[in-house]
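Novice: Sequence first, predicted model second:
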Amino acid sequence: MKVVILCGGRGTRLKEETEFKPKPMVEIGGKPILWHIMKIYSSYGFNDFVLCLGYKGEMIKEYFLNYEAMNNDFTIRLDEKDRIKFHSKHPETNWKIALVDTGLNSNTGARIKRIEKYIDGDLFMMTYGDGVANINIKDLFSFHKSQKRLSTVTGVHPSSRFGELIIKGKRVIKFSEKPRTSQGFINGGFFVFNRKVFKYLNNKEGCDLERDVLEKIAAKGQLSVYIHEGFWQCMDTQRELDLLTNLWAESKAPWKVW
């Protein structure tokens, strides 16, 4: 089961960080948010990843090329061919990662189409490289299979960008900073697709998964929604990055399911 992660966008609303690195490489607690997302999937046994690279994709390649050396103790000899001896093991020893250049300016649909040859099963998973959740991936997968539709999207409650006031008369009885809204759902990523979805996609840079594909699939009754009532948070702004960073620093990160 392949897990496709979109890693190619520019992340312009987080320019303080993304001017120098791709958004999925922005760190939470010393690890890129991409690592956190991969750990969520890995904790449920899904370790075969396809990363759709674009903007500053070489930094993601360098991160994984150097992963063994940067996450293990080792001894190195400078005069031998097989000169590195590792003395420890990191927990990600069973990860398989395909890093695929899907174009600098490609939209989401084009990026997925360009990794079609790496999908060798009837089903695959996909998510964005900037959102975390305490979602049960196995439950999501089982739900998708039970629905027998082309695709499944995870529906989540969005977080308000403003403090919520609960008012009684002229008195505030509750103030909640950055709450989850109780009404309505948005696209939270964490998709499951049948490979037949590739018929709806094309290689043109402007091909948009959400507008050009998901809208059509939904109109045909082929898009299921898996409702996730738990924690979910994207990382679009500095404020949202600070929120995730503080949760991790305080050991209160709900998405840490491993």
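Specialist: Received, thanks. Numbers count the residues shown, from 1 in each chain.

Novice: CA atoms for contacts and neighbours, from now on please.
Specialist: Will do.

Novice: Now do the helices in the stretch 101-250 of the chain.
Specialist: 108-113, 137-147, 215-219, 238-249 (DSSP state H, counting those that start in this stretch).

Novice: among these, which is the most enclosed?
Specialist: helix 108-113 (a mean of 25; mean count of other CA atoms under 10 Å).

Novice: Show me what it is packed against.
Specialist: strand 2-7 (3 or more CA pairs under 8 Å, 6 or more residues apart in numbering; DSSP states H and E).

Novice: hang on, the earlier thing: select, out of the helices of the stretch 101-250 of the chain, the one closest to Phe190.
Specialist: helix 137-147 (8.3 Å; CA to CA).

Novice: Give me the contact list for that closest one.
Specialist: 41, 44, 151-152, 192, 224, 226 (CA atoms under 8 Å, 6 or more residues apart in numbering).

Novice: Stretch 240-251 too?
Specialist: 28-29, 233-235, 253.

Novice: List only buried entries from the residues you listed.
Specialist: Neighbour-count burial (16 or more other CA atoms under 10 Å) applied to the contacts of stretch 240-251 gives 28, 233-235, 253.

Novice: Which ones among those residues map onto strands?
Specialist: Of those, the ones assigned to strands by DSSP state E are 28, 233-234.

Novice: what about Lys85, helix or strand, and which?
Specialist: strand 84-86 (DSSP states H and E).

Novice: For that strand, which residues meet the burial criterion?
Specialist: In strand 84-86, counting by 16+ other CA under 10 Å, buried: nothing.

Novice: Any idea how far that strand is from the middle of the chain?
Specialist: 32 Å (CA atoms, centre = their mean, to the nearest Å).

Novice: Likewise for stretch 75-87?
Specialist: On CA atoms, centre = their mean, the centre of stretch 75-87 falls 35 Å from the chain's centre.

Novice: now the contacts of helix 137-147 in a markdown table, with neighbour count and pLDDT?
Specialist: Output for these, formatted as a markdown table (neighbours: other CA atoms under 10 Å; pLDDT from 0 to 100):
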| residue | neighbour count | pLDDT |
| --- | --- | --- |
| Tyr41 | 22 | 98 |
| Tyr44 | 14 | 98 |
| Ser151 | 26 | 95 |
| Thr152 | 27 | 96 |
| Val192 | 28 | 98 |
| Ser224 | 21 | 95 |
| Tyr226 | 20 | 95 |
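
Novice: Those residues: which two are farthest apart?
Specialist: So for these, where distance means CA to CA, the most widely separated pair is Tyr44 and Ser224, at 21.4 Å.

Novice: For Gln119, give its distance to Cys52.
Specialist: Not Gln; residue 119 is Ile. 13 Å (CA to CA, to the nearest Å).

Novice: Which one of the two is surrounded by more residues?
Specialist: Here Ile119 and Cys52 are set side by side on neighbour count (other CA atoms under 10 Å), and the busier one is Cys52, at 26 against 15.
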